[in-house]
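1. Everything below, folded, please.
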Amino acid sequence: MFGPQRTKVLRRHVGRQGVTREPGLHSVVNGPVTYSTSDAVAAADLCKSFNGDAVISNVTFTVPEGTIVGFIGPSGSGKTTLVRLMLGIHEPTSGSIAFHGRPPTKLSRVERQDIGYLPQLPVLFHDLTVWHNLSFHASLYGVRLRRRRRLREMLDFVELGNDRNKHVSDISGGMQRRLALAGALVHDPTSLFLDEPTAGIDPILRQKFWDRFRELRDDGRTLVVTTQYVGEAANCDYVAVLSEGELVLIDTPEGLRRSAFGSEMVEVTTAEPQPDALFGELAALPGIGAKPERLDSVSVRLAVDNAAEIIPTLATWFEQRGVTLVGCREHLPDYDDVFVRIIERHRASLAGAS
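-> Model (predicted):
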């Protein structure tokens, strides 16, 4: 359990495995939000403009309670604006959004005290110490009992325990970011909105943060996380890709790969160089969906319907032709490649429509 034992019992409604209800572009119909008790956030045809310039355009999605949903996109894609709409900091220009069934702008003070928010730019007092800054954040949320123990716990988590008496003006930007995260978590909220929580954090500490985020998720908390570190998609239950203010897609990390490439991928490596004609014959096998991609003289990459099913077939096929394999495995494209392909495809569709 992260933090003090809560009196409220929290249960996850949707898990990483056996998902019973997936969010998606069309999970909410046009018009007012239809709220489900399994949704922490539901948005329909959400739009936001500033001075006539559209920042968010016709975005529809749900965030199931007890999940981590990551919003990924290039700078300027609308991630921060979308988080602020979820929190009620901004009102929609049009469309609908609900937080636990209510407009975020109508939440009471008590309801807001159960939300943790890490803005992109930390709100810290530079002439106060690390300890006093965190204590101030705790007081805003009414943390009284065992506050000192809670503050120590949070500072140790973000690895600032030895810096508690330093003024914020004397610590680095990365340390300030860690302190701001501690401030978002100090009151043990059930819903967390974290706008680039790992920006400027070293990889080891970044992984520690994500380990803690998953613990919070497993305890029933809901986390909405924005990030420009595309590889962090693997840590989320669902990933939403934003581009040019539009929600391109939202899917599981595994589904994101399939959406980007249209299939699963298998790489085959032979012991000896093979002619193009041999590798070309693979296209005729059932379950292979596109022309094989030659990687080098001994390797080929295949787009397949089901990697687990096709791999034994491939092994038999090569054996029958007297070809020795040194590798035949599913290829998992890294999320940088997935992200680039999705964004480029979206931008190409926009250019074609103009």
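2. Neighbouring strands of the strand or helix carrying residue 48 in the sheet, and parallel or not?
-> Per DSSP states H and E: residue 48 is located in strand 39-50. Its sheet considered, strand 39-50 pairs with strand 53-64 (antiparallel), strand 94-99 (antiparallel) by DSSP bridges.
3. which one of those strands lies closest to residue 227?
-> Residue 227 lies closest to strand 53-64 among the strands paired with strand 39-50, at 15.5 Å (Cβ to Cβ). Placement of C-beta: from N, CA and C, glycine included.
4. buried ones in that closest one?
-> Of the residues in strand 53-64, 55-64 count as buried by neighbour count, 16 or more other Cβ atoms under 10 Å.
5. wait, which of the residues you listed is closest to residue 328?
-> Checking the buried residues of strand 53-64 against residue 328 by Cβ to Cβ gives residue 64 as the nearest, at 36.8 Å.
6. in the sheet, who's paired with that closest one?
-> residue 39.
7. Could you measure from it over to residue 228?
-> Distance, residue 64 to residue 228, using Cβ to Cβ, to the nearest Å: 24 Å.
8. can you check residue 47 too?
-> Using Cβ to Cβ, residue 47 is found at 24 Å from residue 228.
9. would a markdown table of the strands paired with strand 39-50 with distance to residue 245 be doable?
-> Formatted as a markdown table, those follow (distance: least, Cβ to Cβ, whole Å):
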| stretch | distance to residue 245 |
| --- | --- |
| strand 53-64 | 5 |
| strand 94-99 | 13 |
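10. Show me the one of those strands that comes nearest residue 303.
-> Of all these, the one in closest proximity to residue 303, counting by Cβ to Cβ, is strand 53-64 (28.3 Å).
11. what kind of secondary structure is residue 291 in?
-> On the three-state scheme (DSSP: H, G, I helix; E, B strand; the rest coil), residue 291 is labelled coil.
12. give me the number of residues near the closest residue to it other than its chain neighbours?
-> Leaving aside its chain neighbours, residue 291 sits nearest to residue 283 (5.5 Å; criterion: Cβ to Cβ, 6 or more residues apart in numbering). Using other Cβ atoms under 10 Å, residue 283 has 13 neighbouring residues.
13. ok, now residue 295?
-> The number of residues packed near residue 295 is 14, by other Cβ under 10 Å.
14. before we move on, back to that, out of the strands paired with strand 39-50, flag the one nearest residue 165.
-> Of the strands paired with strand 39-50, nearest to residue 165 by Cβ to Cβ is strand 94-99, at 37.6 Å.
15. what element comes up after the closest one heading to the C-terminus?
-> helix 109-112.
16. so where's the protein uncertain?
-> 1-37, 145, 354 (pLDDT under 70).
17. Could you check which helix or strand contains the spatially most central residue of it?
-> Closest residue to the average C-alpha location of the chain: residue 70 at 1.8 Å, with Cα atoms, centre = their mean. Taking DSSP H and E as the definition, residue 70 sits inside strand 68-72.
18. contacts for that strand?
-> For strand 68-72, the surrounding residues in contact (Cβ atoms under 8 Å, 6 or more residues apart in numbering) are 23, 63, 79, 82-83, 213-214, 217, 223-228, 230, 232-233, 235-242, 250, 339.
19. Thanks a lot, catch you later.
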